[in-house]
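Asker: Curious how this folds, go ahead:
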Amino acid sequence: MTKYRPVKQMDSVLVKKLDVNMLHDHPSKKVWIRKRTIITSTIIICLIICLFGFMVNLKREETILAINNLQEPLKPNGMLQSNSIQPDSRTQYLSSSSSDNHQEDHLLPLLPGQRTRPPNFDGVISDDSLQMFANRAPFVHHSIDAVTSFDVTCAATTVVKLASPADYEAIHVGDTLHYIIEAKDSYGRPRTIGGDFWLGALKSPHLIAGTAAKIIDHDNGTYSMYLTAGWKGDAMLELTLAHPSEGVHWLKTTYKYGDHLPIWDGEFQLGNIKETSKCYLMYDSTWNNMCEYQPKKALKHTKFVCDKPFTLPCESLAGIRGASNFPVEFSRLLPTEKRVLFSGEHLYKNVAIPHGFINIKERTDNQFTIPKDTLQLPLCGPDLPSPLSDGYWYNGQWNSLVCDTKQTYNKASAIQCLEHTNVVFTGDSTTRQWFASLAKLLDVGLPEDHDRSFFLERTLAAPDINISFVFHPLSTHPKPIFVNMSQVRFEVDIILDSPRYTCNNVIVVSPWAHFIMWPWDAYVEWLTHIRDAMIEVKRQCPELKVVIKSPHAVNKQTTMKGRDFMFKEMMHAMREVFQGSGVMFIDIWDMDYAYPAPMELHMPDEVINQEIALFLSYLCPENMQLSLTPTSENTHLPPTSENIHLPPTSENIHLPPTSEEQMQLFKNVKVE
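Answerer: Just a heads-up that it's a prediction; the model follows:
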């Protein structure tokens, strides 16, 4: 009788045998597994390569078909005469015909997805076909063998050509020179976008002559540069690439609206106790446990706040010192990947100009400069249009082409223009230069430290002329200069306070040099409140004249990156805010840049004096008969209701505080 082992026992025996075979790990099995893996991998790779080749070939045939279709002439209705695909048909057709034998079109049906080569295709794409295809392509292709350029405008490769006059030897006094700037990158490839920031001028230092260029952006990599040949003699054309368009874009979109935080050192004093804390300018922000100083008329959404001093009250703020530094602030906001845009070949580089040295010939009427009587210029005043040239220097004198200047830097004409007038200069040290120049012209004297003073006042009694200078508060001055808050006033408060004794007031405002680190919205708010204050006072005193002095290019210091461009943006903001308000905008940007001397924040006295002459022409645009002999007509008469405006009273106008009360206004303090 046969005996069988139990199933479980048989399974256990089989498992033991299998385990023994696996432990042996025969070499032949290893070889087979390795070969199988290699064969499988090879097959997969071959399939991928074949599929990729099929797709490339398919795409190539599509491209060739598209190119040949582009070569076919169009019917009057805009459809292709041959080789055209009718998109509205359910069955696609390919029209193949020969233009040589003029046979009828032969339509070959195509199945959906089926492709074929165009008829008579010889496998070669002509250069004309490639060019036609490139002209319709959505991208611009640059073929070079070198490493791809950063593709920003390069001054070294940019080309400047004279467009008119056609001949360099045919330039005469009065001609408008038109140059074409062709911006190129470091590989000499044409730029296809605009936006570069250029500075150009034509200068003759030995003649103290010069004119600034007006540069028009065509937004395609080319620019038109216009200059006026205003004088006879040799001149040198200069063109500077201040910033490429990529740097300008960052300045306009990021830095301009960046998270600016001007900082001051606030100095508190009560008796002999002095303490210091940090102060800030906040725009639409929140804070806790800080001293808030709210100038109600000058700012609304912007607040000046300080950390609470250790023991002294907030009301004891005596003054501030600027603690911000523009280069440091600029570097803080500038990302690492953008630093190349503001360094090296991309920052204030001059363009080499062939035939940059030109000779301007005299006019046919033997005139060495442009005769003023041949120009039909408007009288100086508000809202003047901007011509292709603001003017030119010759022999140290500025000749305006914006308006008909009637005044010169002359004491007699200045007295006649400013008689019975109160002139207030507000702003920074560049406005203080205007005050000093006018004080010297009127011969009223200046203190030795006038260039460091925050409040100055001079009076010429006989013609009843009073001039003063008041420094504006919250100046982000780069130097640690102490600003005494009892000596400074907001422009808005000065304007609102001006009708207190007379309506014959001239107020000069120049808000730019110390505002570059302000939040942009806070700066625009500052300008807007100045405009609103002027409009309010003009209802009571139509004779009020408000003059806005524009910024000017400062210098080419590499540490002050982006500053000139931001000053230009501020000038555009000024024009936009004050447009149509009756403000007289005196644009000195081109005037200062055209002067044949190095650019500085504080321009030479020769330039400032000509700016004052222009200022007087805006105040007194008509010719005046000068008479220094006192008569009943020009003698200062006692005030009457017929010859002078009566001072406003508390019943008909809101009176802002006087200079003695200014500190109390500024110290309208809240602690939050």
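Asker: contacts and neighbour counts: CA atoms only from here.
Answerer: OK.
Asker: Check what pLDDT residue 95 gets.
Answerer: On pLDDT, residue 95 comes in at 36.
Asker: same check, this time on residue 110
Answerer: On the pLDDT scale, residue 110 gets 41.
Asker: can you check residue 669 too?
Answerer: Reported pLDDT for residue 669: 43.
Asker: just residue 404 next, same as before
Answerer: Note for residue 404: predicted pLDDT of 96.
Asker: same deal with residue 17?
Answerer: What the model reports for residue 17 is a pLDDT of 45.
Asker: Start the count at 484 instead of 1 going forward.
Answerer: New numbering, starting at 484: the last item is residue 500.
Asker: Just the element for residue 749, please.
Answerer: strand 746-753 (DSSP states H and E).
Asker: Buried residues in that strand, which are they?
Answerer: 746-752 (16 or more other Cα atoms under 10 Å).
Asker: Below-threshold pLDDT in the stretch 484-633 of the chain: ranges please.
Answerer: 484-515, 539-633 (pLDDT under 70).
Asker: Now the two most distant members of the buried residues of strand 746-753.
Answerer: Longest distance between any two of the buried residues of strand 746-753 is 19.2 Å, between 746 and 752; criterion Cα to Cα.
Asker: thinking again about what came up before, for the strand holding residue 749, name the packing helices and strands.
Answerer: Contacts defined by 3 or more Cα pairs under 8 Å, 6 or more residues apart in numbering; DSSP states H and E place strand 746-753 against strand 756-766, strand 800-805.
Asker: which residues touch the last one?
Answerer: Under the contact criterion Cα atoms under 8 Å, 6 or more residues apart in numbering, strand 800-805 has outside partners 746-752, 958-969.
Asker: again, only this time at 6 Å
Answerer: 747-751, 959-960, 963-968 (Cα atoms under 6 Å, 6 or more residues apart in numbering).
Asker: quick check, nearest of those residues to residue 1011?
Answerer: When these are compared for distance to residue 1011 (Cα to Cα), residue 959 wins out at 19.8 Å.
Asker: ok, now which ones touch that closest one?
Answerer: 805, 997.
Asker: That one belongs to a helix?
Answerer: No: under the criterion used here (DSSP: H, G, I helix; E, B strand; the rest coil), residue 959 is coil, not part of a helix.
Asker: Phi, psi for it please.
Answerer: Backbone geometry at residue 959, expressed as degrees, to the nearest 10, gives phi -90, psi 60.
Asker: Look up how far residue 717 lies from the residue nearest to residue 1080 when sequence neighbours are not counted.
Answerer: Leaving aside its chain neighbours, residue 1080 sits nearest to residue 688 (7.5 Å; criterion: Cα to Cα, 6 or more residues apart in numbering). Here the criterion is Cα to Cα, to the nearest Å. By it, residue 688 lies 10 Å from residue 717.
Asker: from the buried residues of strand 746-753, which is closest to residue 842?
Answerer: Comparing the buried residues of strand 746-753 against residue 842 with Cα to Cα places residue 746 closest, at 51.5 Å.
Asker: Just the CA atoms of the helix or strand harbouring residue 725, as PDB, please.
Answerer: Secondary structure from DSSP H and E places residue 725 in strand 716-726. Only the C-alpha atoms of strand 716-726 are listed here, as PDB (Å, rounded to 0.1, in the frame of the first residue of the first chain):
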ATOM      1  CA  GLY A 716      31.900 129.100 -34.300                       C
ATOM      2  CA  ASP A 717      33.300 125.700 -33.500                       C
ATOM      3  CA  ALA A 718      31.200 123.400 -31.300                       C
ATOM      4  CA  MET A 719      31.400 119.800 -29.900                       C
ATOM      5  CA  LEU A 720      28.500 117.500 -29.800                       C
ATOM      6  CA  GLU A 721      28.300 115.200 -26.700                       C
ATOM      7  CA  LEU A 722      25.800 112.400 -26.000                       C
ATOM      8  CA  THR A 723      25.700 110.400 -22.800                       C
ATOM      9  CA  LEU A 724      23.900 107.200 -22.100                       C
ATOM     10  CA  ALA A 725      22.800 107.800 -18.500                       C
ATOM     11  CA  HIS A 726      20.700 104.600 -18.100                       C
END
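Asker: Mind listing residues that contact it?
Answerer: Surrounding strand 716-726, the residues in contact under the criterion Cα under 6 Å, 6+ apart are 679-687, 830-834, 839-843.
Asker: Ok, stretch 829-839 next?
Answerer: By Cα under 6 Å, 6+ apart, stretch 829-839 touches 638, 719-720, 722-726.
Asker: Report the secondary structure element holding the closest residue in space to residue 697 that isn't next to it in sequence.
Answerer: Spatial nearest neighbour of residue 697, chain neighbours left out: residue 709 (5.2 Å); criterion: Cα to Cα, 6+ apart. If you go by DSSP H and E, residue 709 is part of strand 705-711.
Asker: Against residue 1066, how distant is residue 1090?
Answerer: Distance from residue 1090 to residue 1066, by Cα to Cα: 23 Å.
Asker: Comparing the helices and strands packed on strand 746-753, which comes out most buried?
Answerer: Ranked by mean neighbour count under mean count of other Cα atoms under 10 Å, the helices and strands packed on strand 746-753 are led by strand 800-805, which reaches a mean of 23.
Asker: measure residue 1086 to residue 1075 for me?
Answerer: Going from residue 1086 to residue 1075 by Cα to Cα gives 8 Å.
Asker: Those two: which is more packed in?
Answerer: Each of residue 1086 and residue 1075 has its neighbours counted (other Cα atoms under 10 Å); residue 1075 has more, 27 against 18.
Asker: Give me the secondary structure label for the more buried one.
Answerer: At residue 1075 the chain is in helix, as set by three-state DSSP.
Asker: need the strands for the stretch 834-983 of the chain, in chain order.
Answerer: 840-843, 874-877, 880-883, 904-910, 938-943, 948-954, 965-967 (DSSP state E, counting those that start in this stretch).
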